[in-house]
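Q: need a structure here:
(one chain, ligands or ions: 1)
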Amino acid sequence: MSTALDNSNEGHGKASAMHAAAMDKKTDKQAVYNAWADKYDQELAENNYMAPKAVAKAVLAELRGDKFVDIQMVTEESNSEVTTTVTDCTSTSRDLEILDAGCGTGLFAEEFFRMLKEEEENTALRAKQLNVHMSGCDISPEMMKYCFQRGYHRLDVVDMNKSMILPNSFESVSFNNYNTVRNGAYPPNSFHIITVVGTFNGSHVKPTPAIPELMKMLKPGGVMLLTLRTDALREHGFAEVLEELKNGKSGGIGEECDKVEIEQFQFLVGVVAELVKVWKKK
Ligand SMILES: C[S@@+](CC[C@H](N)C(=O)[O-])C[C@H]1O[C@@H](n2cnc3c(N)ncnc32)[C@H](O)[C@@H]1O
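A: Okay, here's the model as predicted:
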């Protein structure tokens, strides 16, 4: 796989002046992304932004087979109830809770729902009749206004560099006509799947407190999928946090981590990133 990867833009990409402003450590991210929102999708498409598709594909792989979600399957042939092996998650319904953290305009959900529909038409996944509840959060409400048409059910304005977990600093706010909750939005053990696509890097969201908090927000047996440009992996403490997760030391952030898998993929034209999958213990 790695032979075809092109990292000639060395982790930064060349999308536009807005992209450069977004990557600048000194800029206010809410202001930059609010201003970029209307042109973001087009500019990223022009630079062949592949991360949402890569992550959606990886999430679908998690959902295939009988492994991930503990649900009751109704087989088409007999219409009789068959209980799948209880493997990972504690949920006993078909409800699948996903959080797309740093969701932006919702490109991940667009890819995910398109692929899920195709899978449901063609494969055994149809029998699961998943009821997907997609939550999204981001620091930019202007970016998120595009999420409603992409299947998100709940959207929150959240600064992921602050605490996201209830009951800490819970503060309900109404912002640009969204039902929003600023920091402190989520109880622990809330989500089967958490995705963070293109949002972890040194200038946007730092590894701590976000990664330990997202681990807490995962249900036991859940999985977090995040992308990290190769340059971000080397800097900003991401590598150390991933190492801690892998170590699984008692009392550390890895205590609840079952395993970590990392593979490289083409993120943008000329930019390679790591797709990191972190499973929480059952
Ligand atoms: C490169 S975009 C990725 C958006 C989306 N996930 C995608 O793949 O298109 C980065 C996103 O991170 C958001 N962001 C930046 N800093 C943030 C923070 N501190 N907390 C939450 N979101 C943040 C931006 O508003 C933006 O939507």
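Q: Listing request: residues of this protein with sub-threshold pLDDT.
A: Residue ranges of the chain with pLDDT under 70: 1-3, 10-15, 65-93, 122-128, 167-184.
Q: which parts of it sit against the ligand?
A: 29, 33, 51-52, 102-104, 107-108, 138-140, 143, 158-161, 197-199, 204-205 (Cβ under 6 Å from any ligand atom). C-beta here means a position set from N, CA and C on the backbone, and glycine is covered the same way.
Q: Okay, and which of the residues you listed map to helices?
A: Among the residues of the chain next to the ligand, the members falling in helices are 29, 33, 51-52, 107-108, 143 (criterion: DSSP state H).
Q: nearest spatial neighbour of Phe113, skipping sequence neighbours?
A: Nearest non-adjacent residue to Phe113, counting by Cβ to Cβ, 6 or more residues apart in numbering: Gly151, 4.9 Å away.
Q: ok, the one you found touching Ala109?
A: Yes. Under the criterion of Cβ atoms under 8 Å, Gly151 makes contact with Ala109 at 5.0 Å.
Q: Output stretch 138-150 as CSV - backbone C-alpha positions only.
A: The C-alpha coordinates for stretch 138-150 follow below in CSV (Å, rounded to 0.1, in the frame of the first residue of the first chain):
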residue,chain,number,x,y,z
ASP,A,138,-16.9,21.4,16.0
ILE,A,139,-15.7,24.8,17.1
SER,A,140,-17.2,26.4,13.9
PRO,A,141,-21.0,26.7,13.7
GLU,A,142,-20.7,28.0,10.2
MET,A,143,-19.0,24.8,9.1
MET,A,144,-21.6,22.7,10.8
LYS,A,145,-24.5,24.4,9.1
TYR,A,146,-23.9,22.1,6.2
CYS,A,147,-24.1,19.0,8.5
PHE,A,148,-27.9,19.1,8.7
GLN,A,149,-28.3,18.1,5.1
ARG,A,150,-25.7,15.3,5.6
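Q: Go ahead and name everything in contact with that stretch.
A: Residues from elsewhere that reach stretch 138-150, judged by Cβ atoms under 8 Å, 6 or more residues apart in numbering: 29-30, 33-38, 40-41, 101-107, 109-110, 113, 136, 152, 155, 157-160, 175-176, 178, 180, 199.
Q: Show me how to select, in ChimeraX, the buried members of those.
A: Listed next is the ChimeraX selection for buried residues among the contacts of stretch 138-150, using 16 or more other Cβ atoms under 10 Å:
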select :29,30,33,34,36,37,40,41,101,102,103,104,105,106,107,109,110,113,136,152,155,157,158,159,160,178,180,199
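Q: what are the phi and psi values for the residue positioned nearest the centre of the chain?
A: The structure's the chain has its C-alpha centroid closest to Thr195; by Cα atoms, centre = their mean the separation is 1.1 Å. Main-chain dihedrals, Thr195, degrees, to the nearest 10: phi -120, psi 140.
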